[in-house]
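# this one's structure only:
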């Protein structure tokens, strides 16, 4: 459904004027300067910082934990300071900016190159990684009363595009409790064959017995990703032409290419604490986790016209393209962990993975065995040494990952954390072997990827500053060339990255900034030299501090660069000779919070309403036109 833009502009103007009036005539009190929204421990490459929140006195709080350590309780506080919760696109929630195919829920990848840290089998096909639940990302709620956290956000003018989420937790009699996490995004898109639909649901039961010493968990995690691929638009000359504001009239490369990626996980975990009925930090904990994982990756394209030209070296026959990849994995994970009153902690474990693969060309079996260890040693409340290691012993023999970091507290002024990491990992299955229509078309005998990473972070809470610098040197790194084929770089690849996060606050006005600069020694890594995100907003509590409001704009910037195209068959972003134009996306937002009820209004791609801007993150895949989005979130106890 296409909404007249002059009508939208009028509605937006009236809405903003109403909000400005409320700001001018409401009872405005200057609040105490809030605690920084920064999460000092989350500025590393693989951290999203979703578990750290800053708490206000009147905020709605509850505790939760993850399966990897059930005794480490985390606190969620319902406050606008916990981050921009109106940001519904998980792509925008990452510390490292990601790109996608222009539609919410579509395939994505980070804008920083990194080698996998896996010490065992890695299937690849991780384009939905930021959306899907894992065993250690789901939340178990530790509440005495029933908890429900409900969320719904549609686009205005359509009933087919929405995001819905729900988290629930409840404790029953006899030591039994239940937790559920649910997330769904459904987006039709503006162009032909662009629909995305992702459904994630995790359900867990917990049984506490033996006077609190034994915790038994049964967990079911299901991730379903469905995406239609149009291969991009065939021309970028029609966007401003009459009648082509209906984007379905713009021709695309593929009209019936589709992918369904299903993941099912069943987990049985027993955690036994050696000790009495009172939990002590020095108690030894023994844990066993049994995981059954089954996943299927099904891609098909049934339109014969243009197949050979589009799929290039993967083309087999004119009847169509089909790729199937099935994985069954059974994991047994045994570990023992312990901590002392002085803060020293450690963990030792070993995991066996039985892996069965089927790609319609052949079926193979492998057995990975991985030993791992983790330790933390505080030194006189000033230093903290953190070490971690994994070593392959089975089919993954010789693969390893070892890291060590040292956190130094410079009084109340800053925290300095240098880190070193070495790794030896195997390429993904998607890079090594590809079977199309049951026939083997790619069979690479790639060498292991080895590397050394040196990094350091500096956090200065008083100035709300986070700095992160990283130098990585790797051998045999893999990239995807212009034909969409995995290719190994002969020799060393050097990566240098500098990230800065700087937040400012002046009375009720805030300016949050993130900036990343990166440099690679090889031109085969086609990523932008820099990218940044900025958010300028006004925040205050009105009407005797009952109504909390945020009003602002956010902007993401990526310069023009020789970028990436996308191959739907393997869902990989690969090199292209095309120059991606500069990407400067601006969104406007209003967040309102009253007690446990929240409401937001977002104007996505706001510049489109002023000058009909069309942006690209991936060659040939235009970003969504400007639209308005509403959202509500309601949290209940009892």
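Nice, I can see it. Given the structure is predicted, the values throughout are model-derived calculations rather than measurements.
# give me the number of residues near residue 278?
8 (other CB atoms under 10 Å). (Each C-beta comes from the backbone N, C-alpha and C, glycine too.)
# Revised request: answer the last question for residue 140.
22.
# Find the nearest non-adjacent residue to it, please.
Excluding the flanking residues, the one nearest residue 140 by CB to CB, 6 or more residues apart in numbering is residue 179, at 4.6 Å.
# ok now do the one you found, which residues does it touch?
Each residue near residue 179 by CB atoms under 8 Å, 6 or more residues apart in numbering is listed here: 64, 138-141, 167-169, 202-204, 206.
# Tell me which residues touch the closest residue to residue 193 other than its chain neighbours, please.
Excluding its sequence neighbours, the residue lying closest to residue 193 (CB to CB, 6+ apart) is residue 230, at 4.2 Å. Applying CB under 8 Å, 6+ apart to residue 230 gives the contacts 191-194, 252-255, 257.
# Strands of the stretch 351-500 of the chain, start to end?
Using DSSP state E, counting those that start in this stretch, the strands of the stretch 351-500 of the chain run over residues 363-379, 383-392, 400-410, 414-425, 433-436, 439-443, 449-460, 465-475, 478-480, 486-488, 492-506.
# For my notes, confirm residue 131 occurs in a helix.
No - checked against DSSP: H, G, I helix; E, B strand; the rest coil, residue 131 lies outside a helix; its state is coil.
# Please report phi then psi for it.
phi -90, psi -30 (degrees, to the nearest 10).
# Test for you: state the pLDDT assigned to it.
Residue 131 carries a pLDDT value of 93.
# Can you name the helix or strand that the residue nearest to it when sequence neighbours are not counted falls in?
Nearest residue to residue 131, sequence neighbours excluded (CB to CB, 6+ apart): residue 198, at 5.1 Å. Per DSSP states H and E: residue 198 is located in strand 196-209.
# ok, and what's touching that strand?
Applying CB under 8 Å, 6+ apart, the contact partners of strand 196-209 are 103-106, 128, 131-133, 138, 140, 175-187, 189, 214-228.
# Stretch 486-496 now?
113, 427, 430-432, 442, 444, 446-447, 470-481, 518-522, 524-525.
# before we move on, back to that, burial count for the residue nearest to residue 131?
Per other CB under 10 Å, the neighbour tally for residue 198 reads 23.
# ok, what's across the strand from it?
Listed by DSSP bridges, the beta-bridge partners for residue 198 are residue 185, residue 225.
# And it, how far from residue 163?
Distance, residue 198 to residue 163, using CB to CB, to the nearest Å: 10 Å.
# Which residues are in contact with each of these two?
183-185.
# before we move on, back to that, return the subset of the contacts of residue 230 lying in strands.
Those of these mapping onto strands are residue 257, per DSSP state E.
# What is the nearest of the contacts of residue 230 to residue 340?
Among the contacts of residue 230, residue 194 lies closest to residue 340 (CB to CB), at 55.0 Å.
# pLDDT score assigned to the closest one?
With respect to pLDDT, residue 194 has a value of 95.
# Next: residue 92.
At residue 92, pLDDT is 81.
# Doesn't it belong to a helix?
Yes - counting by three-state DSSP, residue 92 is located in a helix.
# List the contacts of it.
Contacts for residue 92 (CB under 8 Å, 6+ apart) come out as 533, 556.
# So residue 609 belongs to a helix, correct?
Yes - checked against three-state DSSP, residue 609 lies within a helix.
# In space, what's closest to it - neighbours in sequence excluded?
residue 626 (4.9 Å).
# thinking that neighbour is in contact with residue 605, fair?
Yes - contact criterion CB atoms under 8 Å: residue 626 and residue 605 qualify, at 4.2 Å.
# More neighbours: those two, which one.
The neighbour comparison of residue 626 against residue 605 (other CB under 10 Å) goes to residue 626, with 20 against 17.
# Would you check how far apart the more buried one and residue 249 are?
Relative to residue 249, and taking CB to CB, residue 626 is found at 18 Å.
# For the stretch 151-300 of the chain, give me the ranges with low pLDDT.
277 (pLDDT under 70).
# try 90
For the stretch 151-300 of the chain, applying pLDDT under 90 flags the ranges 155-161, 211-212, 239-246, 275-283.
# the strands in the stretch 501-638 of the chain, which residues?
In the stretch 501-638 of the chain, the segments counted as strands under DSSP E, counting those that start in this stretch are 509-520, 530-542, 547-558, 561-567, 572-580, 583-594, 597-604, 616-618, 621-622, 627-637.
# for the record, mean pLDDT for the third one?
Per-residue pLDDT values over strand 547-558 give a mean of 93.
# How about the shortest one?
Taken as a whole, strand 621-622 has a mean pLDDT of 96.
# Run me through the strand neighbours of that strand, direction for each.
Short version: by DSSP bridges, strand 621-622 pairs with strand 616-618 (antiparallel).
# Contacts for the partner strand, please.
Identification of contacts with strand 616-618 by CB under 8 Å, 6+ apart yields 99-102, 232, 558, 563-566, 573, 580-581, 583, 622-623.
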